[in-house]
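Student: kindly return the folded structure for what I paste below:
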Amino acid sequence: MQVQGLFLLLVLILLAATSEAGKNKKEKVKKDDSECEDWRWGPCVPNSKDCGLGYREGTCKDESKKLKCKIPCNWKKKFGADCKYKFESWGGCSAQTGVKTRSGILKKALYNAQCEEIVYVTKPCSSKIKSKSKGQSSSLLS
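Tutor: This is a model prediction of the structure:
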């Protein structure tokens, strides 16, 4: 019986400690002291290579700030990480070029980024032929 009581006490202490740790994290969040409303933000510049964690610099009148940011490593670097597009489905494969194309319309420009309204992307055609799903039968389709 004493072992169970000791175990319960230990669990309660651990819960209290993790609860306090969570409160400390919330207190560390910085309040924005700036009254400036017209911030101009630069692009996200990765700390190393061309993707990953980095910083974005912003200015407003005489003030300047740095914000943490992240560029995904699989991102289409051609468009920039601050330009978000809605893409349509891939078009058919061009026999002449061996690529297929699709377009994207600008959905959102983050941090006042300069983005193109419409972008086009291409990728090589797949050499694999997709098989029909197991649920379909060719005799049912005719």
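
Student: mind listing residues that contact whichever strand or helix holds Lys100?
Tutor: Using DSSP states H and E, the element containing Lys100 is strand 99-109. Where contact means C-beta atoms under 8 Å, 6 or more residues apart in numbering, the residues beyond strand 99-109 that reach it are 82-94, 115-125. No exception for glycine: its C-beta is placed from N, CA and C like everyone else's.

Student: adjacent strands (with direction) for it?
Tutor: Sheet pairing for strand 99-109, assigned by DSSP bridges, gives strand 83-87 (antiparallel), strand 118-124 (antiparallel).

Student: put the alpha carbons of it into PDB.
Tutor: Taking Å, rounded to 0.1, in the frame of the first residue of the first chain, the C-alpha atoms of strand 99-109 are listed here in PDB:
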ATOM      1  CA  VAL A  99       6.700  17.300 -70.000                       C
ATOM      2  CA  LYS A 100       3.300  18.200 -68.600                       C
ATOM      3  CA  THR A 101       2.300  21.700 -67.300                       C
ATOM      4  CA  ARG A 102      -0.100  23.200 -64.800                       C
ATOM      5  CA  SER A 103      -0.700  26.800 -63.700                       C
ATOM      6  CA  GLY A 104      -1.300  28.300 -60.300                       C
ATOM      7  CA  ILE A 105      -3.200  31.500 -59.400                       C
ATOM      8  CA  LEU A 106      -2.000  33.600 -56.500                       C
ATOM      9  CA  LYS A 107      -3.900  32.900 -53.400                       C
ATOM     10  CA  LYS A 108      -2.000  34.900 -50.800                       C
ATOM     11  CA  ALA A 109       1.100  37.000 -50.600                       C
END
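
Student: buried residues, it. List them.
Tutor: By 16 or more other C-beta atoms under 10 Å, the buried positions in strand 99-109 come out as 100, 104, 106.

Student: grab the nearest non-local neighbour of Lys65.
Tutor: Of all residues beyond its chain neighbours, the one nearest Lys65 is Gly58 (4.8 Å), with distances taken as C-beta to C-beta, 6 or more residues apart in numbering.

Student: which strands or helices does the host helix or strand of the one you found pack on?
Tutor: Element membership for Gly58 (DSSP H and E) is strand 52-60. Where contact means 3 or more C-beta pairs under 8 Å, 6 or more residues apart in numbering; DSSP states H and E, strand 52-60 is packed against strand 40-41, strand 45-46, strand 63-71.
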